[in-house]
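>>> quick one, fold the following:
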Amino acid sequence: MPYFERFENKPERARRDVKQPWLPFAWLDGPRWRSWGARALRVASWLLPAALLAYLGYRLDQIGWAQIWRARPAGWTYYAVLGTLFFVQPIADLAVYRNLWRSPAPLRLSIILRKRLLNALALEYSGEAYFCAWAMGCLALPRGVVLHAIKDSNVLSAAAGLATVVVMVSLLALTAGAAFHALPLDGLWVYGPLVAAPPLVLLAVIAVARRHVTVLSARQLAQTFSLHFARSLVGEAFQFALWLLSGAIASPAVCLEFVVLKLLISRLPIGVSKDLVFVGTGMAAAQMLNLSTTAVAAVLTTLTASDYLLNLSVVGLPWLFGSIRAPFRDGGVGT
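Presented below is the predicted three-dimensional model:
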């Protein structure tokens, strides 16, 4: 049965899901509480982006504005690749949800960028919560369609990320001249099955028990996984190109080691900023490999600061200004 027909055959449920407010208690659905709720949404619509902007400014000040300017690599190609990398994941997510929902209502890239901003700088998966609330308020889709699509996309994205780890670690093991002593490269063939097991098990569960864990068809599963996997591989290729173009590391094999190091850190279940963890770990790795600590530090600083700057200028400021101009647009969660 096609994806939407499972919900279109239930007009009462669909109408209830779209029109009624998403409130935990029925007694809150009254004129007085609606008025207070509207005011709270108006305040939250600009407080959230304002708080994120303040946090971004604080983090950039911690890194140091003068240090960021002095540490910048030369060459416009480096910055072109850096700016393109910023949009790889949002564009892939936009393609995934447009393919799943096929909704006539516009799903804009700006909404996906906000989701990415919240996931990166606020609580993990807070961007998914914002995206879910926006979709329920702004798209003419049943609640079940929205929830299942976001859940299934995140599960398949996690599987694609783990599969990317397998590909990159295997590529690093096959690379001649790899000598990154911080990772047990000599034992990669021993630990390889352990690295490959999680994505294989996850994909096997989805394939065998598909009707019990997802509402997507087999074709939609394959399309969604392929988009996430391609996005992950393209992102790692851009990371590799950045290290080569920076000039901080002459050996392509060592550039690949730093790419894999960042990928492994991104999979760690830690609450602190993984970008800052990578900066500290990369500095230690540069010393162990007898690399130019100053040059590596410049690239690490630029990579970290540029992400904050792009989030500030491309996502944060337009979100804040749009929320101030039209706080009720997009269902009260910002424009």
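>>> which SS class is L118?
Here L118 is recorded as helix under DSSP: H, G, I helix; E, B strand; the rest coil.
>>> hmm, it is touching Y130, no?
Yes: with contact defined as C-beta atoms under 8 Å, L118 counts as touching Y130 (5.5 Å). Every C-beta, even on glycine, is put in place using the N, C-alpha and C of the backbone.
>>> buried ones in the strand or helix carrying Y79, by neighbour count?
Taking DSSP states H and E as the definition, one finds Y79 inside helix 76-101. Going by neighbour count (16 or more other C-beta atoms under 10 Å), the buried part of helix 76-101 is 78-79, 81-82, 85-97, 100-101.
>>> and stretch 289-299, by the same measure?
For stretch 289-299, using 16+ other C-beta under 10 Å, the buried residues are 289, 291, 295-299.
>>> which ones among the residues you listed map onto strands?
Using DSSP state E, no member of the buried residues of stretch 289-299 sits in strands.
>>> widest-spaced pair of those residues?
L289 and A298 (16.0 Å; C-beta to C-beta).
>>> residue ranges with poor pLDDT in the stretch 51-200 of the chain?
52-53, 55-57, 59-60, 63-65, 67-68, 71, 103-105, 176-200 (pLDDT under 70).
>>> all helices of it, in order?
65-70, 76-101, 109-121, 126-138, 143-174, 188-208 (DSSP state H, counting those that start in this stretch).
>>> which neighbouring elements make contact with the host helix or strand of A237?
For A237, the enclosing helix or strand under DSSP H and E is helix 218-246. Applying 3 or more C-beta pairs under 8 Å, 6 or more residues apart in numbering; DSSP states H and E, one finds that helix 218-246 contacts helix 76-101, helix 143-174, helix 252-266, helix 293-310.
>>> what's the closest of the ones you listed to L216?
Counting by C-beta to C-beta, L216 lies closest to helix 143-174 out of the helices and strands packed on helix 218-246; the figure is 5.3 Å.
>>> now the closest one against helix 218-246, angle please.
Helix 143-174 and helix 218-246 meet at an angle of 50 degrees, taking axes from the mean of the first three to the mean of the last three C-alpha atoms, to 10 degrees as the criterion.
>>> got the angle for helix 143-174 vs helix 109-121?
60 degrees.
>>> show me which positions of helix 143-174 end up buried.
In helix 143-174, counting by 16+ other C-beta under 10 Å, buried: 143, 145-146, 148-150, 152-153, 155-157, 159-166, 168-169, 172-173.
>>> angle of it against helix 252-266?
140 degrees.
>>> ok, back up a step: any chance of the helices and strands packed on helix 218-246 in a markdown table, with distance to W134 too?
Shown next, in a markdown table, are the helices and strands packed on helix 218-246 (distance: least, C-beta to C-beta, whole Å):
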| stretch | distance to W134 |
| --- | --- |
| helix 76-101 | 11 |
| helix 143-174 | 10 |
| helix 252-266 | 25 |
| helix 293-310 | 21 |
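>>> who wins for proximity to T214 among these?
Of those, nearest to T214 by C-beta to C-beta is helix 143-174, at 4.9 Å.
>>> where does the stretch 201-335 of the chain dip in pLDDT?
The low-confidence ranges in the stretch 201-335 of the chain, as defined by pLDDT under 70, are 202-203, 206-207, 209-210, 213, 269-273, 325-335.
>>> just checking, A163 touches F229?
Yes: at 6.0 Å, A163 counts as touching F229 under the criterion of C-beta under 8 Å.
>>> what's the spacing between the closest residue in space to L172 that isn't next to it in sequence and K115?
Of all residues beyond its chain neighbours, the one nearest L172 is V260 (5.0 Å), with distances taken as C-beta to C-beta, 6 or more residues apart in numbering. Distance of V260 to K115, computed by C-beta to C-beta, to the nearest Å: 27 Å.
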